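A.B. asks: Quick one, structure for this:
(one chain, ligands or ions: 1)
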Amino acid sequence: MRVLVTGGAGYIGSVIVEELLRAGHEATVYDSLARGHIDAVHPAAKLICGMVQDRALLAQQLRERSIEAVIHMAAFIEVGESVSRPELYFQNNVVGSLEVIRAMIDAGVKNLVFSSTAALYGDPERVPIQEDDVTAPTNPYGESKLIVERMLRWIAPAHGLTVTALRYFNAAGATAMNGEAHTPETHLIPNVLRAALTGAPLYLFGTDYPTKDGTCVRDYIHVLDLAQAHLLALGRTDAGLQIYNVGNGEGFTVREVMETAQRVTGRTLNIVTEPRRAGDQIATVASAAKIRRDLGWQPQHAGLDAIIGSAWAWQQAHPAGYQR
Ligand code: UDP
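C.D. replies: As a prediction, the model looks like this:
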């Protein structure tokens, strides 16, 4: 299949491109490189440098390259930034997604995989969370993804599109080629591993949550298992929107992640406790029963030790991330 991946120079996008190519698909990366890395673009993928808001360029590329499916990953993803600058999130994530969808309609491309998020659930009434549970985001990032899903609910049937929204829980881990390197980095596991590598202080945001040790709970999913969910979604042929959680169904507190990282790396962390970070959800754990049942998704790298171990190997091999 000829697949265009917006955000294909980002962390999850670069791994999806690796897996698409391994499975024999053709991959075109469409990325502004504002937050992605040119060195994360697979040498066998074509790179188009462009903004998701540029509908004309996107439609032209979709036509010229006879694209059959789009994986739309390009988005701003930082919870804290979304609280302080919500307008950026609605512009880039909502308006940008609408332009991608309209470019697909213009070019007659029918298959879309949309990267959504567990952030749209807010503080859930129960865990594990199922797809039809209440959505009440606690931050503009989650709200921006929820708005796009709601648009897709109307647009998919109107234009006969096959749309799969994958609600990611916490992507983590690395392949030999690609790992997590955002600037600035706000995510827990890369921050923990950088602190392990350099001895720098590690900030722990919030120790008074109603959880077993007072810190937030997350469901960490290996980026390779997440990538496989996209490949399976590309195989759907029925029209309409389907929504799937993608997570392992096991929650770990922030302190448990830090303890596991100390064990895996053999380093002692210099943990500094801080107040809560604005917009954080207390606990998110997925029920992934629906994607297992409908698409036959089976995670292969589920253990937290293995996830952190793969990220640690990448971090040691790339201490400066993708910076040259
Ligand atoms: N977190 C932390 N220190 C960090 C980065 C994150 O204590 O340096 C906490 C954060 O407040 C949240 C959890 O780790 O409770 C997961 O945060 P992350 O940004 O990795 O994921 P998300 O907020 O998207 O679930």
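A.B. asks: Could you use CA atoms for every contact and neighbour count after this?
C.D. replies: OK.
A.B. asks: Get me the contact residues on the protein for the ligand.
C.D. replies: 79, 170, 186-188, 191, 203-205, 216, 254, 277, 280 (Cα under 6 Å from any ligand atom).
A.B. asks: If we use 5 Å, what do you get?
C.D. replies: Residues of the chain lying near the ligand by Cα under 5 Å from any ligand atom: 187-188, 203-205, 216.
A.B. asks: Can you redo those residues as JSON lines, where the extra columns are neighbour count?
C.D. replies: Converted to JSON lines, these look like this (neighbours: other Cα atoms under 10 Å):
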{"residue": "His187", "neighbour count": "16"}
{"residue": "Leu188", "neighbour count": "18"}
{"residue": "Tyr203", "neighbour count": "16"}
{"residue": "Leu204", "neighbour count": "20"}
{"residue": "Phe205", "neighbour count": "18"}
{"residue": "Cys216", "neighbour count": "26"}
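A.B. asks: now, which of these lie within strands?
C.D. replies: Taking DSSP state E, the ones among the residues of the chain next to the ligand that sit in strands are 203-205.
A.B. asks: Need these in TSV (columns: distance to Gly309 and pLDDT).
C.D. replies: As requested, those are exported to TSV (distance: Cα to Cα, whole Å; pLDDT from 0 to 100):
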residue	distance to Gly309	pLDDT
Tyr203	21	98
Leu204	21	98
Phe205	23	98
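A.B. asks: Quick one: the strands in the stretch 1-150 of the chain, in order.
C.D. replies: In the stretch 1-150 of the chain, the strands defined using DSSP state E, counting those that start in this stretch lie at 2-6, 26-31, 46-49, 69-72, 111-117.
A.B. asks: And these: which comes nearest Pro137?
C.D. replies: strand 111-117 (10.2 Å; Cα to Cα).
A.B. asks: Return the angle between stretch directions for that closest one and strand 2-6.
C.D. replies: 30 degrees (axes from the mean of the first three to the mean of the last three Cα atoms, to 10 degrees).
A.B. asks: Average pLDDT for strand 111-117, rounded please.
C.D. replies: Average pLDDT, strand 111-117: 98.
A.B. asks: Packing partners of whatever helix or strand Val192 lives in?
C.D. replies: Here Val192 sits within helix 188-198, counting by DSSP states H and E. Secondary-structure packing of helix 188-198 (3 or more Cα pairs under 8 Å, 6 or more residues apart in numbering; DSSP states H and E): strand 202-205, helix 254-265, helix 304-317.
A.B. asks: if we compare those, which one ends up closest to Asn111?
C.D. replies: Going by Cα to Cα, the one of the helices and strands packed on helix 188-198 nearest Asn111 is helix 304-317, 30.3 Å.
A.B. asks: quick revisit: could the strands of the stretch 1-150 of the chain go into CSV alongside mean neighbour count and distance to Glu180?
C.D. replies: Below are the strands of the stretch 1-150 of the chain laid out as CSV (neighbours: other Cα atoms under 10 Å; distance: least, Cα to Cα, whole Å):
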stretch, mean neighbour count, distance to Glu180
strand 2-6, 24, 17
strand 26-31, 24, 16
strand 46-49, 17, 20
strand 69-72, 25, 18
strand 111-117, 25, 17
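A.B. asks: Reformat those as JSON lines; add distance to Val134.
C.D. replies: Below are the strands of the stretch 1-150 of the chain laid out as JSON lines (distance: least, Cα to Cα, whole Å):
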{"stretch": "strand 2-6", "distance to Val134": "29"}
{"stretch": "strand 26-31", "distance to Val134": "33"}
{"stretch": "strand 46-49", "distance to Val134": "37"}
{"stretch": "strand 69-72", "distance to Val134": "24"}
{"stretch": "strand 111-117", "distance to Val134": "14"}
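A.B. asks: now the helices for the stretch 151-300 of the chain?
C.D. replies: 188-198, 223-234, 254-265, 289-295 (DSSP state H, counting those that start in this stretch).
A.B. asks: For stretch 275-294, give the mean pLDDT please.
C.D. replies: Mean predicted confidence for stretch 275-294 is 96.
A.B. asks: do the same with stretch 83-99
C.D. replies: 98.
A.B. asks: got it, and stretch 168-187?
C.D. replies: Stretch 168-187 comes out at a mean pLDDT of 94.
A.B. asks: Likewise for stretch 239-248?
C.D. replies: Stretch 239-248 comes out at a mean pLDDT of 98.
A.B. asks: what does it rub up against?
C.D. replies: Contacts with stretch 239-248, where a contact means Cα atoms under 8 Å, 6 or more residues apart in numbering, come from 118, 130-131, 152-153, 156-157, 160-170, 219-221, 226, 229, 285-288, 290-291, 299, 302.
A.B. asks: just to revisit the earlier point, which single one of the ones in strands among the residues of the chain next to the ligand is nearest to Val83?
C.D. replies: Taking those together and measuring to Val83 by Cα to Cα, the closest member is Phe205, at 15.5 Å.
A.B. asks: Now do the buried residues in stretch 41-57.
C.D. replies: Buried residues in stretch 41-57, counted by 16 or more other Cα atoms under 10 Å: 41-42, 45, 47-53, 55-57.
A.B. asks: In helices, which of those appear?
C.D. replies: Judged by DSSP state H, these include 55-57 as members of helices.
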